[in-house]
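Asker: With the sequence up front, the predicted model follows.
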Amino acid sequence: MSVFSTSDSRVTSQRCRVIGAAGRLINALVLCGTLAGVNAAFAQYPSGFQVAKDGTAVSIEEYANLPLSTRTISTYPPPMDFTGQLGRVNFLRSEPANAPLSASRFFVNDLNRNFYILDKAARTFTTYINFEEVFRKFDNNPGFAGGLVSFAFDPEYATNGIFYSVHTEEPGKPGSPVPTNSSLPGFDVTGYAVTTAVNPPNGATPRQAILVEWRDTNINNTTFEGTARELLRVGFNDNIHPMGDLLFNPLAQPGDEDYRNLYIANGDGASGENVSTHPTPQRLDALQGKILRITPDLNLRTNTTSLSANGRYRIPTSGSDPNPFSSLSLTNVKKEIYAYGFRNPHRISWDPVSNILFANDIGLHSWEEVNIIHAGTNYGYAEREGIEQLFVSSNATTNGKTGGQLGVPFPTNTDFLVVTGLVSSVPPRYPAATYSHNDGDAISSGFVYRGSLMPALRGKYVFGDITTGRLFYCNLEELIAADDTNRTSVATIHELQVVFKGVKRRAFDVIADKYDEKGGSNGSALPGCSSDLVTFGNDPDGVPYGCGRADIRLGLGGDGELYLLSKSDGMIRRLTGVLIPPTIETAQLTNGVFTLTWPSISNVTYRVEYNSSLVTTNWTGVPGDVTATGTNASKTDPADTTNRFYRLKTL
């Protein structure tokens, strides 16, 4: 028997098996809610919302309150701006498990300047490195991704103390690009050398992203003592889409060709959306709009790697796993390129169970993408976005629109892109999942969940939308199946409802309430309101957002659990449980008594209800609600001589 109901009527319909009198199984179609739409394989741009709730909800709880911070406008330290975001938390990461203090602390970065150590027990933050005080050209304004962008730990961090960071600088800003240790006395700046920026092929470069290798000689305290080495400096055409995420292959072991190779998600610096720089993400002589792979250790695999142009790192160029374009005979080809054709692949993640590398690419005006990454593959931008053709022109009314929005048929018989330096044109790779800007504005980070707190989500890819705060998931097997050459083959995206303090709410509203509580005073629901945001209007249920940006990201703890990071209110929350539409799994009649059982969530209370007819809507509760104590729960009820139909709901 699998009749079910829920305290929230916004669930999908399903076929239910209903138990009748004397235990007879009666097949019937029971509508247990409203039939919701799904993210189907669209042939063109949709006219409205597509992502729907399926009744699955996640519980979130407050975990840590980031210290208040603000961007630098003209003077440092800047006065606190309560009309802006209150703490621009961007990443939360654990040290490798064999590091001595990994069980007791996280590392967290605030884009505004501070690299923090977060004590897990006390939930307090200690400033490890203030990047604005170390780097005099440090730039955190304007744009949503400038400042202290990202960090990652070397696989051998426990013994070598090495980690990597990305921050942005304004090259025209007064001061030396060489760091200072005046506020970080343990930092030995002797021998630090600045590299020459690798700029895009054309256009101005108002911002640079700098990849730095740090070596802490004592990882058992909360202060930095050691040295740093600049590895790579990349110029960008705008203040958006800089270098983003950093990642090591979690499956690579010592002796493997990919061991300690650093993967770098490099944005296009807005080049793809401007006519003069439009080809940059497709160019193999440019680092922008690419995923890169380098070998930072100059002494590692010298027989299968080549020295970079600036002499600061090596590049896999031979052996069993070389970078795909390392042998290409093209002038100025960037051998660091691993995959290309991206706008802003700001988050990458690697699922060690399925051995899949994911990249979430933020779209221009139309589509958000979940991509499965393959070496040497072209992901289409800025000729494609989502599953459509993208047009960039000097006409403001058509610039950045897709074929579906302009009524231009898709070139089904000529779906190839010409890439300078390649002998043959190549077919672009389309996303495994995608949603339109009817449902959101910018895709957040995502991970295949492998933790223990939410067993119903285990093995599913969980991600979200930055602006609206909506949380989503895809079934991993659907993503894998959709990773093919068919552009309209995409996985279904499901929305996760959010439960906070026992009440179902939008994450957007939870963040807005905290923003107000902490002194935020933007005059709208959240900072960053503009008329081109989805939050300027209503959510899929017709409820107004109130405008602004929740500005969420997801973080992954060392134990596989997920954390919700929100910049506008400067908070870290943890996902602590999952509630699925309750489903009666078995029903047995023994000695005149029905025993109904169902999968349950500990400490959740369930109510079994019955009815004598599927036509009427008056359901009666079986006396005695059940509060689950484990992963299965049950309820007994004496058999009745008349038909009795059961359903299950959570309270």
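Answerer: Yep, it's here.
Asker: What separation is there between Phe224 and Asn266?
Answerer: According to CB to CB, to the nearest Å, Phe224 stands 26 Å off from Asn266. Using the backbone N, CA and C atoms, a C-beta is placed for each residue, glycine as well.
Asker: More neighbours: which of those two?
Answerer: Asn266 (31 against 24; other CB atoms under 10 Å).
Asker: Next up, the contacts around that one.
Answerer: Ala209, Val234, Met243, Gly244, Leu287, Gln288, Gly289, Lys290, Ile291, Leu292, Pro345 (CB atoms under 8 Å, 6 or more residues apart in numbering).
Asker: From the residues you listed, pick the one nearest Pro527.
Answerer: Gly244 (21.7 Å; CB to CB).
Asker: Surely that closest one is in contact with Ala265?
Answerer: Yes - applying CB atoms under 8 Å as the test, Gly244 and Ala265 come out as touching, 4.3 Å apart.
Asker: Need the overlap of contacts for these two.
Answerer: Common neighbours of Gly244 and Ala265 (criterion: CB under 8 Å, 6+ apart): Pro345, His346, Arg347.
Asker: any idea which helix or strand of this protein has the worst average confidence?
Answerer: Ranking every helix and strand in the chain by mean pLDDT, DSSP states H and E puts strand 25-28 at the bottom, with a mean of 26.
Asker: Now the helix or strand that comes right after it: average pLDDT?
Answerer: For strand 25-28, the succeeding helix or strand toward the C-terminus, using DSSP states H and E, is strand 52-65. Strand 52-65 carries an average pLDDT of 93.
Asker: So for stretch 80-94, first residue to last residue, what's the gap.
Answerer: Counting by CA to CA, to the nearest Å, you get 29 Å between the two ends of stretch 80-94.
Asker: Just the buried positions in that stretch, please.
Answerer: Neighbour counts over stretch 80-94 (16 or more other CB atoms under 10 Å) mark Asp81, Gly84, Gln85, Leu86, Gly87, Arg88, Val89, Asn90, Phe91, Leu92, Arg93, Ser94 as buried.
Asker: sorry, back to before: whichever of the contacts of Asn266 end up buried, select them in PyMOL.
Answerer: A single PyMOL command selects the buried members of these (16+ other CB under 10 Å):
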select buried, resi 209+234+243+244+287+288+289+290+291+292+345
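Asker: if we take the contacts of Asn266, which one ends up nearest to Val510?
Answerer: Gly244 (25.9 Å).
Asker: Can you tell me, leaving aside adjacent residues, what's nearest to that closest one?
Answerer: Leaving aside its sequence neighbours, Gly244 sits nearest to His346 (CB to CB, 6 or more residues apart in numbering; 3.9 Å).
Asker: is it true that the one you found touches Gly267?
Answerer: Yes - proximity of His346 to Gly267 meets the contact threshold set by CB under 8 Å, at 6.5 Å.
Asker: how far off strand 52-65 does the longest helix anywhere in the chain point, in degrees?
Answerer: Across the chain, the longest stretch assigned as helix under DSSP state H is helix 507-517. Relative orientation of helix 507-517 versus strand 52-65 (axes from the mean of the first three to the mean of the last three CA atoms, to 10 degrees): 30 degrees.
Asker: tell me which residues in helix 507-517 are buried?
Answerer: Along helix 507-517, these residues count as buried under the neighbour rule (16+ other CB under 10 Å): Ala507, Phe508, Asp509, Val510, Ile511, Ala512, Lys514, Tyr515.
Asker: what two of these are the furthest from one another?
Answerer: Longest distance between any two of the buried residues of helix 507-517 is 12.3 Å, between Ala507 and Tyr515; criterion CB to CB.
Asker: Quick one: low-confidence residue ranges for this protein.
Answerer: Counting by pLDDT under 70, the ranges of the chain that qualify are 1-43, 601-602, 631.
Asker: Which residue lies nearest the spatial centre of it?
Answerer: In the chain, the residue lying closest to the centroid (CA atoms, centre = their mean) is Ser445, at 0.7 Å.
Asker: Would you agree Glu156 is in contact with Ala252?
Answerer: No - if you go by CB under 8 Å, Glu156 and Ala252 don't touch, sitting 11.7 Å apart.
Asker: Mutual contacts of those two, please.
Answerer: Here Glu156 and Ala252 have Arg260 as joint contacts, going by CB under 8 Å, 6+ apart.
Asker: Next, work out how far apart Glu257 and Asp297 are.
Answerer: Glu257 is 14 Å from Asp297, by CB to CB.
Asker: the more surrounded of those two?
Answerer: Under the criterion of other CB under 10 Å, the comparison of Glu257 against Asp297 puts Asp297 first, with 20 against 17.
Asker: Leaving out the residues flanking it, which one is nearest to that one?
Answerer: Counting by CB to CB, 6+ apart, Asp297 lies nearest to Arg260, which is 6.0 Å off, once chain neighbours are set aside.
Asker: Ok, Asn378 next?
Answerer: Nearest to Asn378 is Gly341, by CB to CB, 6+ apart, at 4.5 Å.
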